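Visitor: Have a look at this prediction, sequence included:
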Amino acid sequence: MEALGSLFLNFIMGFVNLLILPWHIYSWLNLETLKLKMNAVTEMGMSHQFFFMVLALVLVLIGVGIYKRSFLYSVVSGLENFNGKIGRASAWFALIMMLQQVMIIAMGQIFRGNELMFSPLGLSVISEELQWLSGQLKFYNAILIALASAYTFIEGGHVRVDLVYAACKTRTRNWIDLLGTVFFFIPSTIMLWWFSWPIAMNAMNAQKPLNIWSESTRWRGFRFETSGTAEFSWVWAFKFLVLVFAGLMFVCAVAFLLRNILALLERDKNIPTHYSFDDATEDKKIEHSSDAPSHPL
């Protein structure tokens, strides 16, 4: 009973903390030093107060959306467009990877060089060994995966094992997607965030000058050792990308949950589970002319 009481209290405090969030932000801004501010941010990411406040926010969005459908349309549109813009922007890293790979091959195989140097007017802009630049390609690939995975899911591009889903009716599919999101999708992103936050923060705060900001954090006594390679030594950046991936996928999961709730509420409308951001312009004009937002739900 004590555990249930504590859980209920934290659940209620989630709504309270969400309500007084401006006061929390004001108190954080009034902290005396930058070090105290960064310590507060570092501690916040894994706190149960943050978890229940986010849970309260999601429940508020669902409650208001059920009462006012246009609000639910807008929220789904905003969350999916947010991930869509990030995903599209990250596509440029595919071009960067290709161009850098061409330069590495040309420098190593044609000019027989071991280092890429670019020094216009005697100013050293780029001076890296080819081995390091080759390892950097893995970092670009990690950026592409971390930033574009949510965008790919929205468009239905993820591989899925389908045994009974395709044979079900549309509303049954919506229920399967809704329950799968609640019991699997959202919990998995929360767990990934929970475990990657201290690892990412520890790795980032170990870099100068960030290391002066986290001396009082509770996991500071632990060392999450990960050996770098001779090719590429930005191990902390890879760990940070895991955190970014977890955050973007959580936003994607919430949007997917709200989309399926909307599909179940709007029985007379054919709201697809996934869609393409490259839909025809004519379809978007039709959405603009209606009461619904321009997002192609």
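Guide: Alright, I've got the coordinates.
Visitor: Give the residue spans of the stretch 101-250 of the chain that score low on pLDDT.
Guide: Scanning the stretch 101-250 of the chain with the threshold set as pLDDT under 70 gives 111, 113, 115-128, 207-232.
Visitor: list the contacts for R259?
Guide: Taking CB atoms under 8 Å, 6 or more residues apart in numbering as the contact definition, R259 lies against V76, E80, I271, T273, L297. No exception for glycine: its C-beta is placed from N, CA and C like everyone else's.
Visitor: SS state for the fourth one?
Guide: Here T273 is recorded as coil under DSSP: H, G, I helix; E, B strand; the rest coil.
Visitor: tell me the contacts of it?
Guide: Counted by CB under 8 Å, 6+ apart, T273 has contacts G156, R173, N174, D177, R259, N260, A263.
Visitor: if I look at it, how far off is N202?
Guide: Look at T273 and N202: by CB to CB, to the nearest Å, they are 38 Å apart.
Visitor: and if you look at the first one?
Guide: Counting by CB to CB, the gap from V76 to N202 is 35 Å.
Visitor: same check, this time on the third one
Guide: With the distance defined as CB to CB, I271 ends up 43 Å from N202.
Visitor: mind saving the C-alpha coords of stretch 237-244 as CSV?
Guide: Below are the C-alpha coordinates for stretch 237-244, written out as CSV (Å, rounded to 0.1, in the frame of the first residue of the first chain):
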residue,chain,number,x,y,z
ALA,A,237,29.2,12.1,-29.4
PHE,A,238,28.0,8.6,-30.2
LYS,A,239,26.6,8.3,-26.7
PHE,A,240,24.8,11.7,-27.0
LEU,A,241,23.2,10.5,-30.3
VAL,A,242,21.6,7.6,-28.4
LEU,A,243,20.0,10.1,-26.1
VAL,A,244,18.8,12.2,-29.1
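Visitor: Please identify the helix or strand for the nearest residue to L258 once chain neighbours are set aside.
Guide: Of all residues not flanking L258 in the chain, V76 sits nearest, at 5.0 Å (CB to CB, 6 or more residues apart in numbering). Assignment of secondary structure by DSSP states H and E places V76 within helix 69-90.
Visitor: Please work out which residues outside that helix touch it.
Guide: With CB under 8 Å, 6+ apart as the contact definition, helix 69-90 has outside contacts at 61, 64-66, 143-144, 146-148, 150-152, 154, 248, 251-252, 254-255, 258-259, 261-262, 265-266, 277, 291-295, 297.
Visitor: now swap in stretch 262-269 and tell me
Guide: Taking CB under 8 Å, 6+ apart as the rule, stretch 262-269 contacts 65-66, 69, 72-73, 76, 170-171, 174-175, 178, 271, 273, 297.
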